[in-house]
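Undergrad: build the 3D model from these lines:
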Amino acid sequence: MVNFISLSELNTKIQFPAIRVKIVRKWSTKIGRDHHSTMLLGDSKGVRIEGSLSYSLSLPNEIELKEGDWVEILNFEIRRVFQLYRTTKQKYTIKFNEASLFRKIEPVNGSKFLCCANFRRINRGLYHPMYCIGTWRLRLERLLSLSAHALHLTEPIGNTNAMDVTAPNVSVISWAAPPAIEHGPGGGGG
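TA: Now for the predicted structure:
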């Protein structure tokens, strides 16, 4: 009998790993001369890990891995991640090989693994080299402060004398970056 483990329990000492995961996202990458199908996998607890399958390896004809599919995966390599930028916080990645076995299963639960960022919760000055977000703080409502009352062009444009430009209410959106950008070079706020 196979013991399936959570993605949070994966480590390099496990000899015959077996997992049940959902294919959250799938894309193609080129590593050296090899083309890979890279996948973001998530388990029933919401833990995510990245896995890659070389195009030189072939799956059985009846198996087609698509986004949203739940699969059982057995016999794969677990490797440490050394890249500076990565798609998950996991310190391991999965490398599928000739011995890897895939079997589609019924969905384990209705977990959602990706969600939109809530920009109100991004802290000022948030920075970490592992993540791409958080290096700039801009308030979109300042950048797009165009409204029907704020922008009126009085110079004639063609045959019209005025132009109104409106923007949606964007006061709920803000991005993170150094305070000097937000307040300008003088450091004064608005």
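
Undergrad: which strands and helices sit next to the helix or strand where Ile49 lies?
TA: Using DSSP states H and E, Ile49 maps to strand 48-54. Using 3 or more C-beta pairs under 8 Å, 6 or more residues apart in numbering; DSSP states H and E, the elements in contact with strand 48-54 are strand 18-31, strand 34-42, strand 92-95. To be clear about C-beta, it is placed using only N, CA and C from the backbone, and glycine gets the same treatment.

Undergrad: just the buried residues of it, please?
TA: Neighbour-count burial for strand 48-54 flags Arg48, Ile49, Glu50, Gly51, Ser52, Leu53 (criterion: 16 or more other C-beta atoms under 10 Å).

Undergrad: doesn't Asp34 make contact with the last one?
TA: It refers to Leu53. No - taking contacts as C-beta atoms under 8 Å, Leu53 lies outside contact range of Asp34: 10.6 Å.

Undergrad: ok so Ser8 is a helix residue?
TA: Yes - counting by DSSP: H, G, I helix; E, B strand; the rest coil, Ser8 is part of a helix.

Undergrad: shaky segments in the chain?
TA: For the chain, the stretches flagged by pLDDT under 70 are 60-62, 110-190.

Undergrad: thanks again, I'm all set now.
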